[in-house]
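Novice: sequence first, then the predicted structure:
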Amino acid sequence: MTEIESAPHIVRDVVCGFCGLGCDDLTIETDGSAVRARDTVCPEAARLFLRRADAREPQCSQYGEVTSEADAVAAARAILAAARAPLFAGLGVDIDGGRAVLELAARFGGVLDHAASEGLFRNYAAVQRTGWLATTLAEVRNRCDVLLVVGEDPTASFGRLFERLLPASPLFAGSRKVIFLGEAPGEKARAQLGGAETVHLPADDLVAALEAIVGLARGRTLPGGTVGGVAAADLAAAAAALTGAAYAVVTWNGATLADGALIAERATALVDALNLTTRAGVFPLGGRDNIIGVNQLLLWRLGYPLRTAIRGQVSEHDPALFSTEAALKDADVLVWVSAFRPEPPPDFAGKVIAFAHPETRFARPPEVFIPVGTPGIDHAGTVYRMDSIVSLPLGALRVATLPSVAEAVRLVAGDAP
Amino acid sequence: MAGLHLKPRAPLAARADLSGVTPAALATLSLREAEQLAVPYGGGRVALAELFFVEGGPDGVLLIEIGDERLDHVGAGLASGEIIVDGVVGAWAGLGMSGGVLRISGAAGAYLGAEMSGGRIELNGAAGDHAGAASSGSRRGMSGGVLAIHGSAGALLGERQRGGLIVVAGDAGEGLATDMIAGTVAVGGSIGPRLGRGMKRGTVFTHAVPELPAGFADTGSHDLVALRLMSRRVPELGAFIGAATHARRLVGDTLMGGQGEVLVV
Amino acid sequence: MRVRLTGGRVLDPTTGENGVATGATRTVEIHDGRLVTPTDLPAEEYDLGGDIVLAGGIDLHSHIAGGKMNLARLLMQEDRRAYPELPGAFCGCGGGRASPSAHATGCRYSELGYTTVFEPAMVGANARGAHLEMADIPNLDTGAYLVLGNDDYLLRLMAAGAQQEQINAYVGWMIEATQAFAIKIVNPGGINAFKFNARRMNLDEGNPHYGVTPRTVLQTLIRAVTELGLPHPIHLHGCNLGIPGNDETTLATILAAEGRRLHLTHLQFHSYGTEGDRRFSSSAARIAEMVNAHPNISVDVGQVMFGQTITASADYMSQYRNRAFASPKKSIGMDIELDAACGVVPFEYRDRNFVNALQWAIGLELFLLVEDPWRIFLTTDHPNGGPFTTYPHLMRLLMDRDFRNAQLATLHKAARSHTILESITREYTLEEMAILTRAAPARILGLTDKGHLAPGGVGDVVVHTEDSDREKMFSRARYVFKNGRLVVKDGEIVETVAGTTHVARPEFDRGIEKDMERWFDEAVGLKAKHFRIADGELRGGAGPTILTCEGTSL
Amino acid sequence: MIINGVDIRDSFAEAFPMVGTRLIITADTPEWALIAGRTTTGFATSVIGCGCEAAVERVVPAEETPDGRPGVSILIFAMDFGSLKKVVPLRLGQCVLTCPTTACFAGIETGKRVPLAKTIRYFGDGHQISKKIDSKRFWRVPVMEGEFVCDEDTGSVEGVGGGNFLILARSRGEALAAAEAAVAAMSQVEGNILPFPGGVVRSGSKVGSKYKGLFASTNHHYCPTLYGTVDSALTPEVGSVMEIVIDGVSFDAVAACTRAGIEAVCRIGAAGGVIAIDAGNYGGNLGPFHFKLREIMAGSPLVTEAL
């Protein structure tokens, strides 16, 4: 999908699959095995695309000792065959790799969860219970005239969010107003927001302040002079802006909000109220390391989202017991999959099989480590954007010396019994 | 066959799921068939007899000795009969039960009595988080029956509860009655922060004014005839309310248009 | 590999062969996935003992993949929990009934004797996802219709008075980019108008922003697919879905086609009058008469079947209205990428409910009053009118008048008095049912090697044991061969195999590409080249089955 | 049959099926409970003119009421269930909801449900609160005085209306004294009410009238001032007749109540001016319940001469 120009190996329009925002206009410089992002990338992309020429050739290992791939594969298979309660976690992987892991889990049984699923399941508190009225990136770009940002400045997690979300010349939006409820926008956010009017409501209780806005949008009056640390008049002005918008959007990052489930529910309620008279949508942030893609895959393959266990060919979903955190307490084998970044597996007393980024630094050497290539750098693949609708093709930037997760996992699976 | 008596062979090394293992389901099985019931265990399924010594027992009763904190879904879907656990259970005990009695002498994991619609759960020990609550994705928590917790309860007790009665002798954790739709909770001990956010209706009985979110309004102390009625009509509340005729009434979550109440007696 | 089926009564309306009527049996042979003239060469033989041999079933309208189905699965975990995995050595992973998982979809369809199913509402922005999902559906060939007509790019072109050639180029580019098979229009212009806060949209009402009317959208796209030579006509989900009085819109829409080919999908939802004290009545007779009189029109019914289901549609404008009737009470809506939208609303059709009972009757009236079986197709608009697993029951309703009237007698009383169903004597024959479910869909989709059993055809062959209880008969195929491989035996899956995905490839003026790139860069915020789906992305690298477009008559 | 000199005539009271319910009304004091009970059952003597027949059944001590406050129980009877469902909420809304400190509870658990707060709760204008315990729901409706607490609904019974007997005495004073004694005794029998003023009716009626449109008119056979001019059921020494009408929750309840009343009258006996006990009927063709006086009194220890 990428267009490789002649020397000095500049690749334009590279798709970035890391944070879930789905930027696809990166310029990347390659030189042999070295890879480096150029120009306008966010720090996260710069860090994660970087591959040094002098990097050591990664190798498979067992208990920290270098071993052949064949031995590592055989050891992994033996561990899985003897496992009582495997946990397939991390799941930072492209769609095809996800398929391979799912099939491995189907064969050996075990729990499937992604490292970033906490935020996703906070949002599911709303979307599974009441549903919600949502929108996607291109709609926000062109229609949104009032954006309510709840919680922290999302630029920290999604470096180019406002640049992508609110470009200067939308097709329809006559003006742009951004209301920050919670943390104030940082310098980077302000720079990206350019001509948009910004308002900051420094709430100390986000849920209460958001509830107040919901109430106001529904036509109620507030009981006191301040709610959640925000003056009632300011909340009323925010509610008026939202109800007066042609297309209001509410966004938050569930992963960074301890009260994310309630924020998601209240944001949903707000958008429901707004749509009675005008148009509005929720735009939940998230989606790092293709969590949305893997979740979508599970939904169409198993009918359940992440945090699902396959046990004897039957899958069951349990958002409590099958979260990584909970399942770690019950598992005897952890299959750690993290192709996008060198994220070490969580503390775990049992056996660890890691299909992981070659630069992963383990707190203790795993029983089996099979380094894998990164989708979008070492091999092609597909990832989903945070909105769960758009998926993007990642291309290879260099000749792969490492297997993809799909290849490595299928080696371990071997021939189906 | 008659009732069943289960005794763990050893502490469970992985989570086991006893969904569907109820007196009514067992009534149609022979002892041999019961032993062969496939029970989800870890990443697979094993025969019930691999995990437990299985013996017959008195009619209509499932007796589980010792229990295990990894033993999940005990009494899930119970509609009649009695399950007695002489020990602890894992998560989801009594999930969605509609009748019968579940007695647990020890502690229970998360989601005890979640979405139950009838029957009675008696828990001697402490309950985990989300007792009487809705499971993730479900709109409604416990809707009927009685959940009596003699120990303390964890966070989010009665989250999205829409009916029935929860009585906790000990303390309750944070987020009690969050998004509660209806029903009654009485907590004898202390109560964690952030009670009742998004509470629509329902009643929380306490003995002291808890920390409440912004959307609660204090209506003051009142002589409430309903107290006298509930004290007599609801045996579980008789001791809690006693002869009290007055309660402080705090109403919320008004920010979300709710009319739930905390009654301090 | 060679498979030989002997002693079967072949029912093949495409060639006119009717072994059921004549009692004649003949041998059907498949070699390397294709039907061949029978030989004496060694083969895997099946003695059918007079059972009926049919081409593999083709469903031209069933929501089996794409973002909205995943939203449906997410929202209706109840459906999934209630229908767990079926046991078996094959991987029938997942489950569910109204929104089944990919494997469950493939397995259940092939148990019923279907081998090809088309997803009728693929949103361009989600096309890659839809193809990924279709690749995981076993035992079925698939294809998808691209939703156009609410896309800002098109409406902007039309508002600017663009030439038809430019629009054709755009449509051609989009079909190629999204690997689509046909063009679907959902509530022409209405979904877009809803983004500008319009709540209803009639055939000649202007879009609040572009001024373009549904009629011009429809006519422009009909011209485009005709001139591009796409085999399947515009697949239209019309204006005012589900609104009493939409019969007038439907009649006007038929006339708006002006003699060009047009397929009206889930017509049942568009055949409502406003007569009677409840202001809701059947217009099936009027509409069927109009369809009978216009040979350019084809329809599928979108029959309502009682029970719990979930509705999923790109028609967010209508689905937002339907939120009020959600059961259980929850729903998802989404505006999508300057492209379209979707609305997912769980629904329970109840036989004791006046409106639902009448919807049921209206669908059956349409089936029985539209005369030409080559122009009407058996659908429930899965899962919108009901899950496809109810097809055998629907077939019996159509083929057995006593059964139909017995069902009718149990419905809401007032609804019974609003339908002429009881007086309709027609019963579908087996041959007509074979036309509805095989021969006719293949013809209208332009799939010349499907829907029949002549040599050269695809080796998708289904064997049913005749039973006077047609529901029982069609519930379990005795054998299903997919590309010559046995996948179902005695109603149960014995193997899962990969299918292919049909795409259409029209010629178009590639001069449009520069403008597409600019549009995607500036408006969509995504590179056009990343929107495009490469052949190698389909079916796990196997690529699509391409139908080149050489134009059609009319 | 003669009891203590009183002639128990060989007659019977003819009664009709009625549908009834019981409410327990409580209040802060016995006085207010009684006021509420009496007001709620006011103007409810005869179903012919009032739509229902109702009265206080008994005073209920605090320890027996659902909320532990003093109360009364009332019975309300109507000709059919539809009428009962209409009349009960109407009286409840006008006379209990409005009455200081009261609460209202179901007095019968079984049978078809008669709405109480189910209807009245809307007075709360959205501020009403309900609570369901087991399958029983009650409502709290905020009112200026505090809260009106009321059960969602109450059960009903298929009872008996129009049980009666007539006291034939020498004089008006003696007839009334005997009637008062009867009422006092009958009030102790649970499950019955005497809907007429003070439990006594002086204008017993017959079916029909010479005037078109009148369903009932004075029972001239028992009017002492017409003796000799009409086909009288009286004897010359009868100077006054009082009737006691009984509605009860069952045949047995009415029978027991009738017997208690007649016994009280007979204790006064001929010495107190009571001459005979008779009963009102329509020849036995209209009502299915026949309370034969002599059968009811058979076995009474007071009977001195059984004939």
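Specialist: Received it, and whenever you're ready, just let me know what you need. These numbers come from a predicted model, not from an experiment.

Novice: three-state assignment of the residue in the stretch 151-300 of chain A that chain D sits nearest to?
Specialist: Using Cβ to the nearest Cβ, residue A:220 is the residue of the stretch 151-300 of chain A that sits closest to chain D, at 13.0 Å. Yep, even glycine has a C-beta here, placed from its N, CA and C like the rest. State at residue A:220, reduced to three classes by DSSP: H, G, I helix; E, B strand; the rest coil: coil.

Novice: list the contacts for the residue nearest to it when sequence neighbours are not counted?
Specialist: Using Cβ to Cβ, 6 or more residues apart in numbering or on different chains and skipping the chain neighbours, the partner closest in space to residue A:220 is residue B:257 (6.4 Å). Taking Cβ atoms under 8 Å, 6 or more residues apart in numbering or on different chains, we find residue B:257 in contact with A:215, A:218, A:220, B:200.

Novice: so which residues on the stretch 51-200 of chain A come close to chain B?
Specialist: A:83-86, A:108-111, A:121, A:124-125, A:128-130 (Cβ under 8 Å from any Cβ of the partner chain).

Novice: er, the stretch 251-400 of chain C actually
Specialist: Going by Cβ under 8 Å from any Cβ, the residues of the stretch 251-400 of chain C near chain B are C:328-330.

Novice: from these, list the buried ones, please.
Specialist: C:328, C:330 (16 or more other Cβ atoms under 10 Å in any protein chain shown).

Novice: now, the residues of the stretch 251-400 of chain C next to chain B that are in helices?
Specialist: Assigned to helices by DSSP state H, none of these qualify.

Novice: my guess is residue B:21 meets residue B:39, correct?
Specialist: Yes. Using Cβ atoms under 8 Å, residue B:21 makes contact with residue B:39 at a distance of 7.5 Å.

Novice: got a list of what residue 71 touches?
Specialist: By default, I'm working from chain A. Residue A:71 touches A:60, A:62, counting by Cβ under 8 Å, 6+ apart.

Novice: the intended chain is chain D.
Specialist: Contacts of residue D:71 by Cβ under 8 Å, 6+ apart are D:24-27, D:33, D:59-60, D:62, D:64-65.

Novice: any idea how many residues pack against residue B:64?
Specialist: 25 (other Cβ atoms under 10 Å in any protein chain shown).

Novice: would you mark the buried spots in the helix or strand where it lies?
Specialist: Using DSSP states H and E, residue B:64 sits in strand B:61-67. Of the residues in strand B:61-67, B:61-64, B:66-67 count as buried by neighbour count, 16+ other Cβ under 10 Å.

Novice: which pLDDT value goes with residue B:58?
Specialist: Reported pLDDT at residue B:58 in the predicted model: 86.

Novice: quick check: phi and psi on residue B:76?
Specialist: phi -60, psi 130 (degrees, to the nearest 10).

Novice: next, the contact list for the residue in the stretch 101-250 of chain B that chain A sits nearest to, please.
Specialist: At 3.5 Å from chain A, residue B:137 is the closest residue in the stretch 101-250 of chain B, using Cβ to the nearest Cβ. Neighbouring residues of residue B:137 by Cβ under 8 Å, 6+ apart: A:124, A:128-129, A:319, C:77.

Novice: that one - that's part of a helix, no?
Specialist: No. Per three-state DSSP, residue B:137 lies outside any helix segment and is coil.

Novice: looking at chain B, which helix or strand is least sure?
Specialist: helix B:23-27 (a mean of 90; mean pLDDT, DSSP states H and E).

Novice: CA-only coordinates of the helix or strand just after that one in PDB, if you can.
Specialist: Using DSSP H and E, the next helix or strand after helix B:23-27 towards the C-terminus is helix B:31-35. Taking C-alpha atoms only, helix B:31-35 is exported to PDB below (Å, rounded to 0.1, in the frame of the first residue of the first chain):
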ATOM      1  CA  LEU B  31     -25.300 -40.400  40.200                       C
ATOM      2  CA  ARG B  32     -23.200 -41.700  37.400                       C
ATOM      3  CA  GLU B  33     -24.500 -39.100  34.900                       C
ATOM      4  CA  ALA B  34     -24.000 -36.400  37.500                       C
ATOM      5  CA  GLU B  35     -20.400 -37.500  37.800                       C
END
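
Novice: near chain C at all, whichever helix or strand comes after helix B:31-35?
Specialist: Sequence-wise, the next helix or strand downstream of helix B:31-35 (DSSP H and E) is strand B:38-41. No. Figure legend: strand B:38-41 not in contact with chain C (Cβ under 8 Å from any Cβ); closest approach 10.7 Å.

Novice: other SSEs contacting strand B:38-41?
Specialist: strand A:308-311, strand B:16-17, strand B:44-47, helix B:48-51 (3 or more Cβ pairs under 8 Å, 6 or more residues apart in numbering or on different chains; DSSP states H and E).

Novice: of all the ones you listed, which one is nearest chain D?
Specialist: strand B:16-17 (30.9 Å).

Novice: can you name every helix or strand that the closest one contacts?
Specialist: Short answer (3+ Cβ pairs under 8 Å, 6+ apart): strand B:16-17 packs on strand B:38-41, strand B:71-72.

Novice: partners of the shortest one, with directions?
Specialist: Same thing as strand B:71-72. strand B:16-17 (parallel) (DSSP bridges).

Novice: contacts for the strand it pairs with next, please.
Specialist: A:316, B:39-41, B:51, B:68, B:70-73.

Novice: chain center to it, what's the gap?
Specialist: 19 Å (Cα atoms, centre = their mean, to the nearest Å).

Novice: please work out the average pLDDT along it.
Specialist: 96.

Novice: buried residues in stretch C:437-451?
Specialist: C:437-447, C:450-451.
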